[in-house]
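Chemist: 3D model of this:
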Amino acid sequence: MVELVTRGNVVLVQNRREYLIETGQAFLLHKNSFHEYHTGLAGWAHKRYLTMDGPLLDPMLRATGLKGVGHVVLSDPDEIVRILRECYRLIDRKESGFGQRCSELAYKLLLTLGQDLKVSYPEALQRALSFMENHLGETLSREDMAEAAGLSETHFNRLFKEHLQVTPVAWFIRQKMEMAKYLLRETKLPVKEVAEATGYMDALYFSAQFKKYVGMSPKFYKRGESFD
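Modeler: Next up, the predicted model:
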(Lines give C-alpha, C1' and ligand atoms only; values in the text may rest on other atoms or scores of the structure.)
Protein backbone atom coordinates (compact mmCIF):
# COMPACT_ATOMS: atom_id res chain seq x y z
CA MET A 1 0.00 0.00 0.00
CA VAL A 2 1.22 3.48 -0.88
CA GLU A 3 0.01 6.30 1.38
CA LEU A 4 0.55 10.02 0.79
CA VAL A 5 0.25 12.44 3.70
CA THR A 6 -1.48 15.55 2.35
CA ARG A 7 -1.92 17.35 5.69
CA GLY A 8 -0.59 16.84 9.21
CA ASN A 9 2.02 14.15 9.86
CA VAL A 10 2.32 10.46 10.68
CA VAL A 11 4.73 8.33 12.71
CA LEU A 12 5.25 4.94 11.08
CA VAL A 13 6.93 1.91 12.66
CA GLN A 14 7.66 -0.87 10.17
CA ASN A 15 9.98 -3.82 10.71
CA ARG A 16 11.42 -2.15 13.84
CA ARG A 17 12.26 1.12 12.05
CA GLU A 18 10.53 4.38 12.88
CA TYR A 19 9.81 7.10 10.32
CA LEU A 20 8.30 10.57 10.65
CA ILE A 21 6.19 11.22 7.54
CA GLU A 22 5.54 14.90 7.00
CA THR A 23 2.99 16.61 4.72
CA GLY A 24 3.85 15.98 1.07
CA GLN A 25 5.76 12.77 1.83
CA ALA A 26 4.78 9.15 1.17
CA PHE A 27 5.15 5.86 3.00
CA LEU A 28 4.81 2.26 1.86
CA LEU A 29 3.24 -0.56 3.86
CA HIS A 30 4.69 -3.85 2.64
CA LYS A 31 2.89 -7.18 2.52
CA ASN A 32 3.77 -9.52 5.41
CA SER A 33 5.66 -6.76 7.25
CA PHE A 34 4.98 -5.75 10.85
CA HIS A 35 3.79 -2.16 10.84
CA GLU A 36 1.76 0.33 12.84
CA TYR A 37 1.31 4.06 12.58
CA HIS A 38 -0.31 6.98 14.35
CA THR A 39 -0.51 10.74 14.03
CA GLY A 40 2.63 12.74 14.82
CA LEU A 41 3.07 16.00 16.73
CA ALA A 42 0.43 17.68 14.56
CA GLY A 43 -2.13 15.44 16.27
CA TRP A 44 -3.97 14.70 13.03
CA ALA A 45 -3.35 13.65 9.44
CA HIS A 46 -5.12 13.50 6.10
CA LYS A 47 -3.95 10.81 3.67
CA ARG A 48 -4.57 9.46 0.20
CA TYR A 49 -3.70 5.84 -0.48
CA LEU A 50 -3.70 3.06 -3.04
CA THR A 51 -3.53 -0.67 -2.33
CA MET A 52 -1.72 -2.82 -4.89
CA ASP A 53 -1.34 -6.59 -5.21
CA GLY A 54 -0.66 -9.24 -7.83
CA PRO A 55 2.16 -11.47 -9.10
CA LEU A 56 4.03 -8.59 -10.72
CA LEU A 57 4.12 -6.39 -7.63
CA ASP A 58 7.32 -7.85 -6.15
CA PRO A 59 9.36 -7.50 -9.37
CA MET A 60 7.98 -3.98 -9.84
CA LEU A 61 9.06 -3.01 -6.32
CA ARG A 62 12.46 -4.56 -6.94
CA ALA A 63 12.87 -2.85 -10.30
CA THR A 64 12.01 0.57 -8.89
CA GLY A 65 14.19 0.14 -5.80
CA LEU A 66 11.20 0.31 -3.44
CA LYS A 67 11.39 -3.22 -2.05
CA GLY A 68 11.53 -2.86 1.73
CA VAL A 69 11.48 0.96 1.60
CA GLY A 70 9.28 2.66 4.19
CA HIS A 71 9.53 6.39 3.47
CA VAL A 72 9.96 8.53 0.34
CA VAL A 73 10.50 12.30 0.25
CA LEU A 74 8.68 13.53 -2.86
CA SER A 75 9.96 16.13 -5.32
CA ASP A 76 6.42 16.76 -6.66
CA PRO A 77 3.65 15.61 -4.28
CA ASP A 78 1.01 17.09 -6.62
CA GLU A 79 2.00 14.58 -9.30
CA ILE A 80 1.33 11.72 -6.88
CA VAL A 81 -2.04 13.27 -6.02
CA ARG A 82 -2.91 13.44 -9.72
CA ILE A 83 -2.06 9.77 -10.22
CA LEU A 84 -4.09 8.71 -7.19
CA ARG A 85 -7.10 10.80 -8.22
CA GLU A 86 -7.06 9.25 -11.69
CA CYS A 87 -6.95 5.78 -10.13
CA TYR A 88 -9.90 6.62 -7.89
CA ARG A 89 -11.85 7.93 -10.89
CA LEU A 90 -11.21 4.77 -12.91
CA ILE A 91 -12.10 2.46 -10.04
CA ASP A 92 -15.30 4.41 -9.35
CA ARG A 93 -16.53 4.46 -12.95
CA LYS A 94 -15.25 1.02 -14.02
CA GLU A 95 -15.27 1.98 -17.67
CA SER A 96 -14.10 -0.43 -20.36
CA GLY A 97 -10.38 -1.14 -19.98
CA PHE A 98 -10.15 0.42 -16.51
CA GLY A 99 -8.18 -2.55 -15.15
CA GLN A 100 -5.39 -2.14 -17.69
CA ARG A 101 -5.30 1.62 -17.16
CA CYS A 102 -5.15 1.19 -13.37
CA SER A 103 -2.20 -1.19 -13.76
CA GLU A 104 -0.40 1.37 -15.92
CA LEU A 105 -1.02 4.10 -13.35
CA ALA A 106 0.15 1.85 -10.51
CA TYR A 107 3.41 1.26 -12.36
CA LYS A 108 3.74 5.00 -13.03
CA LEU A 109 3.20 5.65 -9.33
CA LEU A 110 5.93 3.20 -8.29
CA LEU A 111 8.29 4.49 -10.96
CA THR A 112 7.80 8.09 -9.77
CA LEU A 113 8.38 7.09 -6.14
CA GLY A 114 11.48 5.10 -7.15
CA GLN A 115 12.94 8.06 -8.99
CA ASP A 116 12.42 10.31 -5.97
CA LEU A 117 13.98 7.70 -3.71
CA LYS A 118 17.14 7.44 -5.79
CA VAL A 119 17.49 11.20 -6.04
CA SER A 120 17.59 11.32 -2.23
CA TYR A 121 20.67 9.05 -2.24
CA PRO A 122 24.19 10.47 -2.78
CA GLU A 123 25.28 10.35 -6.43
CA ALA A 124 27.96 7.74 -5.70
CA LEU A 125 25.37 5.44 -4.17
CA GLN A 126 23.00 5.95 -7.10
CA ARG A 127 25.77 4.86 -9.48
CA ALA A 128 26.47 1.74 -7.45
CA LEU A 129 22.80 0.76 -7.16
CA SER A 130 22.26 1.12 -10.91
CA PHE A 131 25.39 -0.91 -11.57
CA MET A 132 24.30 -3.69 -9.22
CA GLU A 133 20.73 -3.77 -10.58
CA ASN A 134 22.09 -4.12 -14.12
CA HIS A 135 24.40 -7.01 -13.17
CA LEU A 136 22.14 -9.34 -11.18
CA GLY A 137 23.09 -12.16 -13.52
CA GLU A 138 26.76 -11.88 -12.56
CA THR A 139 28.98 -12.34 -9.52
CA LEU A 140 30.20 -9.02 -8.16
CA SER A 141 32.83 -8.47 -5.49
CA ARG A 142 32.79 -5.69 -2.91
CA GLU A 143 35.63 -4.16 -4.89
CA ASP A 144 33.50 -4.13 -8.08
CA MET A 145 30.67 -2.37 -6.25
CA ALA A 146 32.92 0.21 -4.63
CA GLU A 147 34.64 0.89 -7.96
CA ALA A 148 31.25 1.55 -9.61
CA ALA A 149 30.55 4.09 -6.86
CA GLY A 150 34.00 5.65 -7.26
CA LEU A 151 34.76 5.16 -3.56
CA SER A 152 37.10 3.14 -1.38
CA GLU A 153 35.58 -0.10 -0.07
CA THR A 154 35.53 1.24 3.49
CA HIS A 155 33.79 4.49 2.55
CA PHE A 156 31.37 2.69 0.22
CA ASN A 157 30.37 0.10 2.85
CA ARG A 158 29.79 2.85 5.43
CA LEU A 159 27.71 4.96 3.00
CA PHE A 160 25.66 1.96 1.86
CA LYS A 161 24.77 0.85 5.38
CA GLU A 162 23.93 4.41 6.37
CA HIS A 163 21.30 4.74 3.64
CA LEU A 164 20.04 1.17 3.13
CA GLN A 165 20.71 -0.37 6.58
CA VAL A 166 22.32 -3.50 5.06
CA THR A 167 25.72 -4.33 3.59
CA PRO A 168 26.20 -4.04 -0.20
CA VAL A 169 26.62 -7.80 -0.55
CA ALA A 170 23.47 -8.54 1.46
CA TRP A 171 21.49 -6.05 -0.67
CA PHE A 172 22.86 -7.55 -3.89
CA ILE A 173 21.94 -11.11 -2.84
CA ARG A 174 18.47 -9.94 -1.81
CA GLN A 175 17.90 -8.48 -5.29
CA LYS A 176 19.10 -11.72 -6.85
CA MET A 177 16.70 -13.74 -4.71
CA GLU A 178 13.77 -11.46 -5.57
CA MET A 179 14.60 -11.89 -9.24
CA ALA A 180 14.80 -15.67 -8.73
CA LYS A 181 11.38 -15.70 -7.02
CA TYR A 182 9.87 -13.92 -10.00
CA LEU A 183 11.49 -16.26 -12.56
CA LEU A 184 10.44 -19.38 -10.64
CA ARG A 185 6.81 -18.28 -10.33
CA GLU A 186 6.23 -16.41 -13.59
CA THR A 187 8.29 -18.39 -16.13
CA LYS A 188 8.78 -22.03 -17.06
CA LEU A 189 12.54 -21.91 -16.58
CA PRO A 190 13.92 -24.91 -14.63
CA VAL A 191 15.75 -24.25 -11.39
CA LYS A 192 19.17 -24.71 -13.04
CA GLU A 193 18.47 -21.96 -15.58
CA VAL A 194 17.05 -19.64 -12.91
CA ALA A 195 20.27 -20.17 -10.97
CA GLU A 196 22.35 -19.25 -14.01
CA ALA A 197 20.16 -16.20 -14.76
CA THR A 198 20.89 -14.88 -11.27
CA GLY A 199 24.63 -15.48 -11.46
CA TYR A 200 24.90 -18.90 -9.79
CA MET A 201 26.70 -21.51 -11.88
CA ASP A 202 26.29 -24.10 -9.12
CA ALA A 203 22.59 -24.98 -8.86
CA LEU A 204 23.07 -26.70 -5.48
CA TYR A 205 24.67 -23.59 -3.99
CA PHE A 206 21.88 -21.46 -5.47
CA SER A 207 19.28 -23.75 -3.88
CA ALA A 208 20.99 -23.45 -0.50
CA GLN A 209 21.10 -19.65 -0.77
CA PHE A 210 17.48 -19.49 -1.91
CA LYS A 211 16.31 -21.69 0.98
CA LYS A 212 18.25 -19.52 3.42
CA TYR A 213 16.58 -16.38 2.06
CA VAL A 214 13.03 -17.62 1.36
CA GLY A 215 12.68 -20.49 3.83
CA MET A 216 12.09 -23.25 1.27
CA SER A 217 13.79 -24.80 -1.72
CA PRO A 218 13.35 -23.35 -5.22
CA LYS A 219 11.43 -26.47 -6.28
CA PHE A 220 8.85 -26.08 -3.51
CA TYR A 221 8.55 -22.37 -4.21
CA LYS A 222 8.00 -23.03 -7.91
CA ARG A 223 5.13 -25.40 -7.06
CA GLY A 224 3.38 -22.58 -5.26
CA GLU A 225 4.05 -23.72 -1.70
CA SER A 226 5.14 -20.26 -0.60
CA PHE A 227 4.45 -18.27 2.52
CA ASP A 228 3.85 -15.16 0.33
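Chemist: Report all helices and strands that the strand or helix carrying T112 contacts.
Modeler: Element membership for T112, per DSSP states H and E: helix 98-119. The helices and strands touching helix 98-119, judged by 3 or more CB pairs under 8 Å, 6 or more residues apart in numbering; DSSP states H and E, are strand 2-8, helix 57-64, strand 71-73, helix 77-93, helix 123-133. The C-beta positions use only the backbone N, C-alpha and C, and glycine is treated the same way.
Chemist: would you turn the ones you listed into JSON lines with mean neighbour count and mean pLDDT?
Modeler: Rendered in JSON lines, the data for these read as follows (neighbours: other CB atoms under 10 Å; pLDDT from 0 to 100):
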{"stretch": "strand 2-8", "mean neighbour count": "19", "mean pLDDT": "93"}
{"stretch": "helix 57-64", "mean neighbour count": "19", "mean pLDDT": "81"}
{"stretch": "strand 71-73", "mean neighbour count": "19", "mean pLDDT": "86"}
{"stretch": "helix 77-93", "mean neighbour count": "15", "mean pLDDT": "92"}
{"stretch": "helix 123-133", "mean neighbour count": "18", "mean pLDDT": "86"}
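Chemist: between the ones you listed, which one is nearest to A180?
Modeler: With respect to A180, and counting by CB to CB, the nearest of the helices and strands packed on helix 98-119 is helix 57-64 at 10.8 Å.
Chemist: so what's the nearest residue to G65 once chain neighbours are set aside up against?
Modeler: Closest residue to G65 apart from its sequence neighbours, by CB to CB, 6 or more residues apart in numbering: G114 at 4.9 Å. Applying CB atoms under 8 Å, 6 or more residues apart in numbering, one finds that G114 lies in contact with A63, T64, G65, L66.
Chemist: again, only using 10 Å
Modeler: The contact partners of G114, by CB atoms under 10 Å, 6 or more residues apart in numbering, come to M60, L61, A63, T64, G65, L66, K67, V69, V72.
Chemist: Over to L4?
Modeler: Counted by CB under 10 Å, 6+ apart, L4 has contacts 21, 23-27, 46-50, 72, 74, 77, 80-81, 83-84, 109, 113.
Chemist: In the chain, where is pLDDT below threshold?
Modeler: 118-119, 225-228 (pLDDT under 70).
Chemist: Report the central residue of it.
Modeler: Closest to where the C-alpha atoms of the chain average out (CA atoms, centre = their mean) is K67, at 1.7 Å.
Chemist: That one: what's it in contact with?
Modeler: Contacts here follow CB under 10 Å, 6+ apart; on that basis K67 touches L28, H30, L57, D58, P59, M60, L61, G114, W171, R174, Q175, E178.
Chemist: From E133, how far off is the fifth one?
Modeler: Right, P59. For P59, the distance to E133 (CB to CB, to the nearest Å) stands at 12 Å.
Chemist: overlap in contacts of these two?
Modeler: By CB under 10 Å, 6+ apart, P59 and E133 have these common neighbours: M179.
Chemist: rewinding a little: now, which of the contacts of G114 sits nearest K94?
Modeler: Lowest distance from K94 to these (CB to CB) belongs to M60, with 23.2 Å.
Chemist: Tell me the secondary structure at the residue nearest to the centre of the chain.
Modeler: coil (DSSP: H, G, I helix; E, B strand; the rest coil).
Chemist: ok, now how distant is it from K192?
Modeler: As defined by CB to CB, K67 lies at a distance of 25 Å from K192.
Chemist: Then S120?
Modeler: When distance is defined by CB to CB, S120 is 39 Å away from K192.
Chemist: And Y107, by the same measure?
Modeler: Y107 is 31 Å from K192, where distance means CB to CB.
Chemist: just to revisit the earlier point, Serialize the contacts of G114 to TSV and add fields for distance to F34.
Modeler: Supplementary listing: the contacts of G114 in TSV, determined by distance: CB to CB, whole Å:
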residue	distance to F34
M60	22
L61	18
A63	25
T64	23
G65	22
L66	18
K67	16
V69	15
V72	20
